[in-house]
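Asker: Below is the structure, and that's it, no one-letter string:
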């Protein structure tokens, strides 16, 4: 997924950019409304994450201008102003969703993915059904995981890792295989990202009867 991040606060922009890239997204950063409008003329994006308070052209004006062009790229508006009037104004200008600062990163990712789903939709393929193991299930039509019937918010890379484990129940998968399958052949083989993401899944799956076992000298296995 290609995301345009429009944010003039460098600290916030760096945090969001690094987080999204770690989850496998392609991110372009514009630090002004003018730069954002230029980016949107040069290439297509799946979602625009747009700060409301920008120097020069405001986020509201950016949203209005891209909609006037006939550009329907989903826009997630960010702002430190959490008033109902601000949210209504942004939505009326053409924003698709609204997230007040400070925000939880997982919620940001969930909202981005929801906007992308709304834009593209997912075709239901013949034979696609729920993949179920104990209390864990995956719906390939909605691209959502459920634990004991409750939806679990996973990032794209967390979802890929969970699906890889679910499709190989009872089989030990090496860190190298997981790294190659989820992050690709260009990933640094010395990175500990697999262990970090396994920890995230264990935390999100909670106390349900879902055990991701560490296999010493090998990797991980979903029992």
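Answerer: Yes, it's here. Here the structure is a predicted model, which means the values were calculated and not measured. Numbering: from 1, shown residues only.
Asker: For the residue lying closest to residue 112 once chain neighbours are set aside, list the residues it contacts.
Answerer: Once flanking residues are discounted, residue 112 sits nearest to residue 47: 5.2 Å by Cβ to Cβ, 6 or more residues apart in numbering. Placement of C-beta: from N, CA and C, glycine included. By Cβ atoms under 8 Å, 6 or more residues apart in numbering, residue 47 lies in contact with 1, 3, 4, 73, 74, 75, 76, 112, 115, 116, 119.
Asker: And for residue 110?
Answerer: Residue 110 makes contact with residue 153, according to Cβ under 8 Å, 6+ apart.
Asker: Residue 30 now?
Answerer: 4, 5, 6, 36, 38, 39.
Asker: how far is the longest helix along the chain from where the chain is centred?
Answerer: Criterion DSSP state H: the longest helix present in the chain is helix 105-120. Put simply, helix 105-120 sits 6 Å off its chain's centre (Cα atoms, centre = their mean, to the nearest Å).
Asker: Walk me through which strands the next helix-or-strand element following it pairs with, and which way each runs.
Answerer: Counting by DSSP states H and E, the next helix or strand C-terminal to helix 105-120 is strand 131-133. Strand pairing for strand 131-133, using DSSP bridges, gives strand 136-139 (antiparallel).
Asker: what residues does the partner strand touch?
Answerer: Contacts of strand 136-139 (Cβ under 8 Å, 6+ apart): 130-132, 144-147, 162-163, 166, 205, 208, 210.
Asker: what do you get if the cut-off is 10 Å, keeping everything else the same?
Answerer: Contacts to strand 136-139, defined as Cβ atoms under 10 Å, 6 or more residues apart in numbering, come from residues 122, 128-132, 144-149, 151-152, 154, 159, 162-163, 165-167, 169, 205, 208-210, 222.
Asker: ChimeraX command for the buried members of these?
Answerer: Buried residues within those, by 16 or more other Cβ atoms under 10 Å, are selected in ChimeraX with:
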select :144,145,146,147,152,154,159,162,163,165,166,205,210,222
